[in-house]
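>>> Quick one: sequence plus predicted model below, questions after.
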Amino acid sequence: MGTLDRGAGRSALQELAQSGVSIAKFAESKGVSVQRIAYWRKRLAERGPPRFVRVDVSHAATSTAARIEILLGDITVRVREDVDAESVARFVEALARRPRGC
């Protein structure tokens, strides 16, 4: 239990609060350090309880254009199919001329 996530840390802190035992005894019973419990307390107190945030996706880009992928050595260029071919060609040529290591 030494590598618990936040949810498990939150649960452990709730269990500790209800247990009535010392932090040291609780930590020992769970196989974690007292420092880990202190860490959970600090991190979880800073963030507060989880909350939902409204996200407006009505204006999100919803392009149905197909995508093309160009592989140039260790570089992958992904562009929408409706992008001007001349612009893409100039961009790819510029990439091909770049010095190695850049």
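Now that the structure is in, tell me what you want to look at.
>>> does residue 16 really touch residue 23, like I thought?
Yes: between residue 16 and residue 23 there is a contact under CB atoms under 8 Å: 6.9 Å. Any C-beta I mention is one placed from the backbone N, CA and C, and that applies to glycine too.
>>> Between these two, which contacts overlap?
Shared contacts of residue 16 and residue 23, defined by CB atoms under 8 Å, 6 or more residues apart in numbering, are found at residue 37.
>>> Break the chain down into its domains, please.
Following automatic domain parsing, one finds the domains of the chain at 6-47, 67-97.
>>> now those as a markdown table including distance to residue 54 and mean neighbour count?
Supplementary listing: the domains of the chain in a markdown table, determined by distance: least, CB to CB, whole Å; neighbours: other CB atoms under 10 Å:
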| stretch | distance to residue 54 | mean neighbour count |
| --- | --- | --- |
| domain 6-47 | 19 | 13 |
| domain 67-97 | 29 | 11 |
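>>> among those domains, which gets the worst mean confidence?
Taking the average pLDDT of each of the domains of the chain, the minimum falls on domain 67-97, with a mean of 81.
>>> check contacts around residue 13.
37, 40, 41, 44.
>>> Now do the SS call for the third one.
Recorded secondary structure, residue 41: helix (DSSP: H, G, I helix; E, B strand; the rest coil).
>>> Which residue, other than its chain neighbours, is closest to it?
The shortest distance from residue 41 to any residue that is not its chain neighbour, by CB to CB, 6 or more residues apart in numbering, is 6.5 Å, and that residue is residue 13.
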